[in-house]
Each structure stands twice: as C-alpha cells, then as structure tokens.
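**Student:** Give me a model of this one.
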Amino acid sequence: MTALMQAERLEAFYGASQILHGIDLTIARGEQIALIGRNGMGKTTLLRTLMGLVPSCRGQRLLHGDDIAGAQPDAIARRGLALVPEGRGVFGALTVVENLVMAARPGRDGRATWTLPRIFELFPRLAERRGHGGHQLSGGEQQMLTIGRALMTNPDLLLIDEATEGLAPMVAQEIWRTLGVIRGEGVATLVVDKDFRSLSAIADRMVLLAKGAIVFDGAPAKLAEQPELLERHLGV
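**Tutor:** Numbers count the residues shown, from 1 in each chain. Predicted coordinates:
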C-alpha cells in the first residue's frame, strides 16, 4: 500500500520533559490503525504532534511525501489531515449545521465526498438536532458532531483521540459502526480508545505505546499471541 503519512525518529517535548522517543510510524491510504497504551504514555501527544500542535519536536513528518515539519496546523489540515480531539471542542453557541458548515472545504484533490447531507446520512441523530446549539447536545451527539466536523474537511487521514470515552454502550457502538463506514470511503484513521476489544475488531494494525516509544506494531492477531506484553503494558 502507498504511504500516506510517515513519521521518522519523531521526538516531542513539553518544556524540558521529553514525551515521545524516536517514533517511527507509517500509515497507508485507507488503513485503520489503533493506537493503544496506558494513560500518560504519549498517545495524545503523538496525535497532536502529527497535527502540528506540539511546537517543540524533532524528527521527520511526511504527508503525501511532503515534509510538513514546521508547518502550521491549518496548513497541515489543508493537505489532508484532521483531528478529532479529546474533549470534543464543539462550539456551544453555534447550531449543529453551523458547526459543520464552518469546517467545510474540498479535499486535497478538489473533491467533496463529505457534505452536509452525507454527514446527516452518517449520523441521522444530527439531522434531527440540526437546529440545536452545540451546548444542547448530549456527549454522544457532541462526539458525532466533532467527527462530522472533521469529515467536512474531506481528510485523507483522520486522527481520533478517545473515540468513545464516556459514551453509553449503544452510542459507542454507533461510533464503531461509523468508523467502518469511514474506512469504506478510503479515509485512513488513527484511533485512540480504551476499548481494546472493539479496537481489535476494527483495526488493521495495533500500535502500542509505552513511555513514549512504540513497543509493538502489527496485526491484532499477532498482539493477541503476546499475553505478557498485553499484561505488562495494558493490564489486559
């Protein structure tokens, strides 16, 4: 498969503290990758670094073969990367439609696969709540809106931090279903979540972080064959 994004020898810092240590990661077009690890191991920092939100970093980041080191987040977004952050960041004073439309733009190739009708097809609940303010939505509805808003940028790669954290089981299942639809449209995803079983079911690869370094990168079935690794780094 063709490489969509590559990180080589990636390091990231918050002040004097080094969070990421020599990360090497390649993401192919349309690939679905689960990023796992205990709290505080660097998962969120890795997503933010790929998005250009951590200014103190070293190493190479390539998107579509272009070096994006030093590029601002908005420039990186225009090249096909989108982030669904932990905490969602919905604009509470804006309606569902306004939250979505403000993010709308064609993809890197000029096409707009993800439009307002397409998002409402993906998330019928948002269509029902289209005139409601962001602050009026439930946590699950806000997560749907945040994913929909990211898709409205028509990305090639979607980074999702804590996909189902705090959501009711039925809503979480809806999010997992949605990720399957997104994959079917050829969008690559790098997903962080604590639901190991669900991640294993949807992912092409599992990437396990421990203390800011990758300790496993491979198929879910291969990781399942290493129970000592799972116990040591996940408590599974």
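
**Student:** outside of the top helix by length along the chain, which residues touch it?
**Tutor:** As assigned by DSSP state H, the longest helix anywhere in the chain is helix 169-184. For helix 169-184, contacts defined as Cβ atoms under 8 Å, 6 or more residues apart in numbering pick out 30, 32, 122-123, 139-140, 143-144, 147, 151, 158, 160, 163-164, 167, 189, 191, 195, 198, 201-202. Every residue, glycine included, has its C-beta placed from N, CA and C.

**Student:** Now do the buried residues in it.
**Tutor:** Under the neighbour-count criterion of 16 or more other Cβ atoms under 10 Å, helix 169-184 has 171, 172, 174, 175, 176, 178, 179, 182, 183 buried.

**Student:** in the helix or strand of the chain with the lowest mean pLDDT, what's buried?
**Tutor:** Least confident element among the helices and strands of the chain, by mean pLDDT, DSSP states H and E: helix 227-233 (a mean of 92). Neighbour-count burial for helix 227-233 flags 229, 230, 233 (criterion: 16+ other Cβ under 10 Å).

**Student:** What subset of the contacts of helix 169-184 is buried?
**Tutor:** The buried subset of the contacts of helix 169-184 (16+ other Cβ under 10 Å) comprises 30, 32, 122-123, 140, 143-144, 147, 151, 158, 160, 163-164, 167, 189, 191, 195, 198, 202.

**Student:** out of the buried residues of helix 169-184, who's nearest residue 13?
**Tutor:** Nearest to residue 13 among the buried residues of helix 169-184 is residue 179, at 31.1 Å by Cβ to Cβ.

**Student:** And the closest one, how close does it get to residue 64?
**Tutor:** According to Cβ to Cβ, to the nearest Å, residue 179 stands 22 Å off from residue 64.

**Student:** repeat for residue 16
**Tutor:** Taking Cβ to Cβ, one finds residue 16 at 34 Å from residue 64.

**Student:** okay, the two: which has more neighbours?
**Tutor:** The residue with more neighbours, out of residue 16 and residue 64, is residue 64; 16 against 6, by other Cβ atoms under 10 Å.

**Student:** what's near enough to touch the more buried one?
**Tutor:** 4, 79, 80, 108, 156.

**Student:** Quickly find the element holding the spatially closest residue to residue 226 that is not a sequence neighbour.
**Tutor:** Leaving aside its sequence neighbours, residue 226 sits nearest to residue 216 (Cβ to Cβ, 6 or more residues apart in numbering; 7.3 Å). Following DSSP states H and E, one finds residue 216 within strand 213-218.

**Student:** Pull out the buried residues from the helix or strand just after that strand.
**Tutor:** Beyond strand 213-218 on the C-terminal side, the first helix or strand identified by DSSP H and E is helix 220-224. Under the neighbour-count criterion of 16+ other Cβ under 10 Å, helix 220-224 has 220, 223 buried.

**Student:** avg pLDDT for helix 220-224?
**Tutor:** Averaged across helix 220-224, the pLDDT comes to 95.

**Student:** For that helix, which outside residues touch it?
**Tutor:** 34, 199, 200, 201, 203, 205, 206, 208, 216, 229, 230.
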